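**Q** requesting a structural model of the entry that follows:
(one chain, ligands or ions: 1)
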Amino acid sequence: MRIVVSAGPEEAGEAAARLVLQRLSVSSGRVLGVATGSSPGPLYRALAASVRAGADLSDVRGFALDEYIGLPREHPQSYHSIVERDVAMPLGLRPEAILVPEGQAPDPTSAAAAYEAAIAAAGGIDVQILGIGTNGHIGFNEPGSPRGSRTRMVRLEESTRRANSRFFRSLDDVPTLAITQGVSTILEARSIVLIASGEAKASAVRRSVQGATTEDMPASLLQGHRDVTLFLDPAAASLLDRVPAKA
Ligand code: GLP
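**A** Just a heads-up that it's a prediction; the model follows:
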């Protein structure tokens, strides 16, 4: 795992965007794995600035990590809506260029299998963007998610629902189920960029980087991947034993 600590969340997003563009530039198919949540916001803003400055991402295709089950696609907090609003539009991509798991499918198991097949048909993911939950989740792979898990329906932890309730009117409005790419699906990406900022993430970052590799801390399973870079602000890096040089 490489660790890059920047002066703040915006700078971490800019540094991460540079690596994303570099990894995409060496790929012929150009497939981006897209995370939601607030952490990747600065990264998407930096990518959008690069597009405005002339970078051409028009042939990039994407796959979102996850989607709530039970929210209509048009709901402002569905990941369909968020990916279209915060990623596709700013990057100048057609909304259809980024697939999101079907949270309203009558049969989530076949929807999950179809999603895996679509990723495989695209040639796999070149660079996967990730945030991290305060409990160490990646995508919606909560603690205890098997290392070999693939895209599937999952139940959200209460702590995750509480953390995400800030985007909803009340906790009761936060779905209890989701479809998420599995840990194994994520680990198959050729390159992984994880972005985290703020003190609330410091403990999960420490356990993921310096702790044991365990399904109890899903982000720690990234230690087994050969091209993972963590982009942190000083607060998210504050519990690491050795703080790497600033970028
Ligand atoms: C959600 C998403 C994750 C994200 C996490 C952290 O639960 N499913 O992909 O990493 O939240 O969100 P934030 O970046 O807003 O702290």
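**Q** and the top helix by length along the chain, what does it pack onto?
**A** Ranked by residue count and defined by DSSP state H, the top helix of the chain is helix 9-25. Applying 3 or more Cβ pairs under 8 Å, 6 or more residues apart in numbering; DSSP states H and E, we find helix 9-25 packed against strand 2-5, helix 41-52, strand 127-130, strand 191-196, strand 228-232. Just so you know, the C-beta spots here come from the backbone N, C-alpha and C atoms, and that holds for glycine as well.
**Q** run the last query once more with 7 Å
**A** Under the contact criterion of 3 or more Cβ pairs under 7 Å, 6 or more residues apart in numbering; DSSP states H and E, helix 9-25 touches helix 41-52, strand 127-130, strand 191-196, strand 228-232.
**Q** mind checking which of these is nearest the ligand?
**A** Smallest distance to the ligand across the helices and strands packed on helix 9-25 (Cβ to the nearest ligand atom): 6.4 Å, for strand 127-130.
**Q** mind listing what the closest one pairs with, with the direction of each?
**A** In the sheet, strand 127-130 lines up against strand 31-34 (parallel), strand 191-196 (parallel) (DSSP bridges).
**Q** got any ranges where this structure has weak pLDDT?
**A** 243-247 (pLDDT under 70).
**Q** ok, 50 please
**A** Within the chain, no range satisfies pLDDT under 50.
**Q** mind listing the strands in it by residue range?
**A** Applying DSSP state E to the chain gives strands spanning 2-5, 31-34, 61-64, 66-69, 98-99, 127-130, 152-155, 177-180, 191-196, 228-232.
**Q** would JSON lines of the ones you listed with mean neighbour count and distance to the ligand be doable?
**A** As requested, the strands of the chain are exported to JSON lines (neighbours: other Cβ atoms under 10 Å; distance: least, Cβ to the nearest ligand atom, whole Å):
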{"stretch": "strand 2-5", "mean neighbour count": "18", "distance to the ligand": "17"}
{"stretch": "strand 31-34", "mean neighbour count": "25", "distance to the ligand": "10"}
{"stretch": "strand 61-64", "mean neighbour count": "22", "distance to the ligand": "9"}
{"stretch": "strand 66-69", "mean neighbour count": "23", "distance to the ligand": "5"}
{"stretch": "strand 98-99", "mean neighbour count": "20", "distance to the ligand": "15"}
{"stretch": "strand 127-130", "mean neighbour count": "27", "distance to the ligand": "6"}
{"stretch": "strand 152-155", "mean neighbour count": "20", "distance to the ligand": "10"}
{"stretch": "strand 177-180", "mean neighbour count": "24", "distance to the ligand": "7"}
{"stretch": "strand 191-196", "mean neighbour count": "26", "distance to the ligand": "8"}
{"stretch": "strand 228-232", "mean neighbour count": "26", "distance to the ligand": "12"}
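**Q** make a markdown table out of the ones you listed and add distance to residue 213.
**A** Shown next, in a markdown table, are the strands of the chain (distance: least, Cβ to Cβ, whole Å):
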| stretch | distance to residue 213 |
| --- | --- |
| strand 2-5 | 16 |
| strand 31-34 | 21 |
| strand 61-64 | 25 |
| strand 66-69 | 22 |
| strand 98-99 | 30 |
| strand 127-130 | 16 |
| strand 152-155 | 21 |
| strand 177-180 | 20 |
| strand 191-196 | 15 |
| strand 228-232 | 12 |
